[in-house]
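> requesting a structural model of the entry that follows:
(one chain, ligands or ions: 1)
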Amino acid sequence: MEKQLKHISKFLSLILRHQPQEIGLTLDQEGWADVAELIEKTNKRGLRLDFATLQIIVDTNDKKRYSFNDDKTRIRANQGHSVEIDLNLAAQVPPALLFHGTADRFIGAIRQHGLQKMNRHHVHLTAHEATARNVGGRHGKPVVLIVNALIMHEQSHVFYLSANGVWLTDHVPPAFIEFN
Ligand code: HQG
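Numbers count the residues shown, from 1 in each chain. The predicted model follows:
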């Protein structure tokens, strides 16, 4: 059961963040998909999905990757998109320091260009060092960088906080990064 849920969650991540057209789904400007349509089109694809399963995934996903709207007729990914959508998040004042986990082989480029959003819409930062280490470990030997977020904010860089607690910003210039 758990394995099946994980499989469906990965599939949802593909559909709701990257390739909705894969099952003929369209997301609205803020990234929302119609729940009934998502369920129908996922089943057509041969993956069994019903509302109860979707509810379990929204509630128990390890990173709270997905949210329903108020009446649960729509669902979206909380962050991590590559498709052009606007989450319409309000700008927030970040804490003094945030962390970014990366792999050691990227450090040279990051020293030169800072943190860039690469294929995503934003650079992803976290308030938790352990989370950053895990994220970095997905790419290779993890390195945790410290970002002087509040100073950036004071210098007009805009920060957003996703519904699942990921801090987002457009670009972190090297001057705001502590490389140790
Ligand atoms: C690196 C997960 C070279 C950057 C996590 C990262 C996160 C550079 C990689 C979310 C660079 C991009 C995002 C530069 C940045 N030169 N490399 N100038 N600037 N990089 O996956 O932050 O599981 O797009 O350090 O929880 O690893 O998807 O970003 O290593 O919140 O829900 O380029 O993904 O969430 O990789 O991870 P990614 P990320 P999910």
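> ranges for the strands of the chain?
33-34, 66-68, 74-77, 97-103, 123-125, 142-148, 159-161, 167-169, 177-178 (DSSP state E).
> ok, which of those strands comes nearest Met1?
Counting by CB to CB, Met1 lies closest to strand 66-68 out of the strands of the chain; the figure is 18.4 Å. (Glycine included, C-beta is placed from N, CA and C.)
> is the closest one in proximity to the ligand?
No. Applying CB under 6 Å from any ligand atom, one finds strand 66-68 out of contact with the ligand, separated by at least 9.8 Å.
> so which residues of the chain form helices?
With DSSP state H as the criterion, the chain has helices at 2-13, 35-44, 51-60, 107-113, 129-137, 149-154.
> just checking, what packs against the shortest one?
Under the contact definition 3 or more CB pairs under 8 Å, 6 or more residues apart in numbering; DSSP states H and E, helix 149-154 sits against strand 97-103, strand 159-161, strand 167-169.
> pull the CA atoms of that helix into PDB?
The C-alpha coordinates for helix 149-154 follow below in PDB (Å, rounded to 0.1, in the frame of the first residue of the first chain):
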ATOM      1  CA  ALA A 149      18.300  36.200   3.800                       C
ATOM      2  CA  LEU A 150      17.300  39.100   6.000                       C
ATOM      3  CA  ILE A 151      20.100  41.200   4.600                       C
ATOM      4  CA  MET A 152      19.000  40.300   1.100                       C
ATOM      5  CA  HIS A 153      15.400  41.300   2.000                       C
ATOM      6  CA  GLU A 154      16.700  44.600   3.300                       C
END
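> thinking again about what came up before, now render the helices of the chain as JSON lines, adding mean pLDDT and mean neighbour count.
Formatted as JSON lines, the helices of the chain follow (pLDDT from 0 to 100; neighbours: other CB atoms under 10 Å):
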{"stretch": "helix 2-13", "mean pLDDT": "94", "mean neighbour count": "14"}
{"stretch": "helix 35-44", "mean pLDDT": "98", "mean neighbour count": "16"}
{"stretch": "helix 51-60", "mean pLDDT": "97", "mean neighbour count": "14"}
{"stretch": "helix 107-113", "mean pLDDT": "98", "mean neighbour count": "12"}
{"stretch": "helix 129-137", "mean pLDDT": "98", "mean neighbour count": "17"}
{"stretch": "helix 149-154", "mean pLDDT": "98", "mean neighbour count": "17"}
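> residues from the protein in reach of the ligand?
63, 65, 80, 102-103, 106, 109-110, 113, 115-116, 118-120, 124, 135, 139, 166.
> follow-up on the earlier one: and the strands of the chain as a markdown table, adding mean neighbour count, mean pLDDT and distance to Thr53?
A markdown table is the format used below for the strands of the chain (neighbours: other CB atoms under 10 Å; pLDDT from 0 to 100; distance: least, CB to CB, whole Å):
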| stretch | mean neighbour count | mean pLDDT | distance to Thr53 |
| --- | --- | --- | --- |
| strand 33-34 | 20 | 98 | 15 |
| strand 66-68 | 18 | 98 | 12 |
| strand 74-77 | 22 | 98 | 12 |
| strand 97-103 | 20 | 98 | 31 |
| strand 123-125 | 22 | 97 | 27 |
| strand 142-148 | 20 | 98 | 33 |
| strand 159-161 | 19 | 97 | 28 |
| strand 167-169 | 23 | 98 | 29 |
| strand 177-178 | 14 | 98 | 41 |
